[in-house]
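[1] just a sequence and a predicted model for now, questions to come.
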Amino acid sequence: MSYPAQDASRGLLRRAGSRAHRETISTDIPARLDRLPWSRFHLLVVVALGVTWILDGLEVTIVGAIGPVLQNRQTLGLSAEQVGSAGSTYVVGAVIGAVLFGWLTDRFGRRPVFYATLIVYLTGVLLTAASWSFLSFAAFRAVTGFGIGGEYAAINSAIDELIPARYRGRIDLIVNGSFWVGAALGSGASLLFLDPTLLPPNLGWRLGFAIGGLLGLGILLMRRYVPESPRWLVTHGFGGRADATIADIEQRVRQDTGERLAQPEGHLDIHPRRSFGFGLIFQAMLGKYRARSALALVLMVAQAFLFNAVFFSYGLVLTTFHGVPADRTGLYLMTLAASNFLGPLLLGPLFDTIGRRPMIAGTYATGGILLLATAIAFGLEAFLAWTQTLAWMFIFFFASAAASSAYLTASEIFPLETRALAIAMFYALGTAIGGASAPLLFGYLIGTGSSMVVAAGYVFAAVLMLIAAVVEARFGIDAEGRSLEQIADPLSAQ
């Protein structure tokens, strides 16, 4: 792979010969994408793809807020353990969806899959609103998770491949952090939907899901303006479409900014092919990039356990240990969600300037240390509802940036041809190990009614965060400002 200066007038592609009976192509697509100035086109990509996280945050937070309401006999009459189990079925669905759609994204492209995953996700949300029992509620939550798991793989890979390298870190963090904008909206909405003086208990929680699903239909229309990744097209042998797509993107950027584009600096020699077998993909992930694989897995497990432990159960913690009425838990969750978004928003630029390794290790370590202190205070019953929420706000200001950086890490440190599957695999493994177990575990711990027992669960989450910080400091990749192809050679270039 080489990146010498190149005259843009030579065009997008040139034939360079053959190797092992396969055509060799020299492309400047990565350089042409990375040298683009920020424009309305990039903002459209971020909004059209990233807004799903807002809707996901909205309905996931509603689930956290309605946990106590669903225990009411006038609704579904669930136990605390069943509320936790329903959270786990969502996570299991997300794991399966991530793996399946991750493979489909690398095989058939980013664009068709991010349409399909959104349709599945919206179907699950709307069906959840019609649940009539524990089994139906859990099943429809699994369908919702199936769609959102696929969204993680398709959208993160598409955004990374379309956003210029110098902005990639902060944009990834903000996009993943926008989940908490939806969480804040969901928490605020729950104050209305769950208010028994405004709506019957068995109607309000259903409207929370139904409205979120209907709003999501508008995203389908926005996504028609987002092109297929030119990087994916050229490595999979669609040179003509790649040429037309990158030319269209450049034209849109010129119109948006009124600037004359700088000449691209670099080219990449590749051997395009329509598909890359699992053998080649896993050989790279478990061979040349095995240290990176371990890094991505540790980061994913730690953040998945912490976030699923807290946000699927915080409503129950508030009602069980602080006597907060079930219809008022959304107020506390809303403030938590705000701090979760402010972390990636304010700290995000530092991941592109100070660098990935110090910022990722630092946010994981700070979140872990603050969580240890919070766990001890909770076990000693030193908190009121608002003081505990304030402590969580400090924790998640840093932990949310750390969690978003886990997805950033998985999406940029592996070859392009396996990017979506890598995101999917590590999201799936991390979520299966850390995420699926956390709601079940904390549902049981809260059910004991002992603050010391719950505190022990928080201590375990803190230890996982600190381990992740150490692993990042040792094995982290300094990816800031670098092209994706410089961070990891494409399989088609080998």
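    Arrived safely. Numbering: from 1, shown residues only.
[2] can you give me the buried ones in stretch 69-84?
    Buried residues in stretch 69-84, counted by 16 or more other C-beta atoms under 10 Å: V69, L70, Q71, N72, T75, L76, L78, A80, Q82, V83, G84. Yep, even glycine has a C-beta here, placed from its N, CA and C like the rest.
[3] what residues does it touch?
    67, 86, 131-134, 137-138, 194, 200-202, 204-205, 312-313, 316, 326-327, 439-440, 442-444, 446-447 (C-beta atoms under 8 Å, 6 or more residues apart in numbering).
[4] mind doing that once more with 6 Å?
    Contacts with stretch 69-84, where a contact means C-beta atoms under 6 Å, 6 or more residues apart in numbering, come from G67, F134, L194, P201, N202, W205, L316, A326, P439, L440, G443, G447.
[5] can you redo the buried residues of stretch 69-84 as CSV with secondary structure, distance to G109 and pLDDT?
    Listed next are these as CSV, based on DSSP: H, G, I helix; E, B strand; the rest coil; distance: C-beta to C-beta, whole Å; pLDDT from 0 to 100:
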residue, secondary structure, distance to G109, pLDDT
V69, helix, 41, 72
L70, helix, 39, 73
Q71, coil, 44, 70
N72, coil, 46, 69
T75, coil, 42, 71
L76, coil, 40, 77
L78, coil, 40, 73
A80, helix, 43, 70
Q82, helix, 40, 75
V83, helix, 38, 74
G84, helix, 37, 72
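[6] returning to that earlier point: if you rank the contacts of stretch 69-84 by neighbours, which is first?
    Counting neighbours by other C-beta atoms under 10 Å, G67 leads the contacts of stretch 69-84 with 29 neighbours.
[7] and it, how far is that from L333?
    Separation of G67 from L333 (C-beta to C-beta, to the nearest Å): 11 Å.
[8] check what pLDDT A455 gets.
    pLDDT recorded at A455 is 90.
[9] kindly report the same for V226.
    89.
[10] and it, its phi and psi?
    Dihedral pair for V226: phi -90, psi 120, per degrees, to the nearest 10.
[11] nearest spatial neighbour of it, skipping sequence neighbours?
    A48 (5.1 Å; C-beta to C-beta, 6 or more residues apart in numbering).
[12] got the buried residues for whichever strand or helix holds that neighbour?
    According to DSSP states H and E, A48 maps onto helix 40-70. Buried residues in helix 40-70, counting neighbours by 16+ other C-beta under 10 Å, are found at 41-42, 44-70.
[13] same for the helix or strand hosting I360, what does it pack against?
    Element membership of I360 [criterion: DSSP H and E] is helix 356-379. Judged by 3 or more C-beta pairs under 6 Å, 6 or more residues apart in numbering; DSSP states H and E, the packing partners of helix 356-379 are helix 385-412, helix 451-475.
[14] mind running it again at 8 Å?
    helix 290-311, helix 329-353, helix 385-412, helix 451-475 (3 or more C-beta pairs under 8 Å, 6 or more residues apart in numbering; DSSP states H and E).
[15] quick one: closest of those helices to A361.
    For the helices and strands packed on helix 356-379, the distance to A361 is smallest for helix 451-475, at 4.2 Å, taking C-beta to C-beta.
[16] what about R224, neighbour count?
    For R224, using other C-beta under 10 Å, the count is 10.
[17] phi, psi for it please.
    The phi/psi pair for R224 (degrees, to the nearest 10) reads phi -70, psi -20.
[18] look up how far A48 lies from it.
    According to C-beta to C-beta, R224 and A48 sit 9 Å apart.
[19] quick one on the thing from earlier: any chance of the helices and strands packed on helix 356-379 in TSV, with mean neighbour count too?
    Shown next, in TSV, are the helices and strands packed on helix 356-379 (neighbours: other C-beta atoms under 10 Å):
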stretch	mean neighbour count
helix 290-311	23
helix 329-353	22
helix 385-412	24
helix 451-475	19
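[20] so can I have CSV of those showing distance to T24?
    What follows is the helices and strands packed on helix 356-379, written out as CSV (distance: least, C-beta to C-beta, whole Å):
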stretch, distance to T24
helix 290-311, 27
helix 329-353, 33
helix 385-412, 25
helix 451-475, 33
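[21] wait, which of those is closest to G379?
    Nearest to G379 among those is helix 451-475; the distance by C-beta to C-beta comes to 3.1 Å.
[22] output the next helix or strand after that closest one as CSV - backbone C-alpha positions only.
    As assigned by DSSP H and E, the chain's next helix or strand after helix 451-475 is helix 484-487. C-alpha atoms of helix 484-487 as CSV (Å, rounded to 0.1, in the frame of the first residue of the first chain):
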residue,chain,number,x,y,z
LEU,A,484,-8.9,3.9,7.6
GLU,A,485,-6.6,2.2,5.0
GLN,A,486,-3.5,3.4,6.9
ILE,A,487,-4.8,2.0,10.2
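[23] sounds good, over and out.
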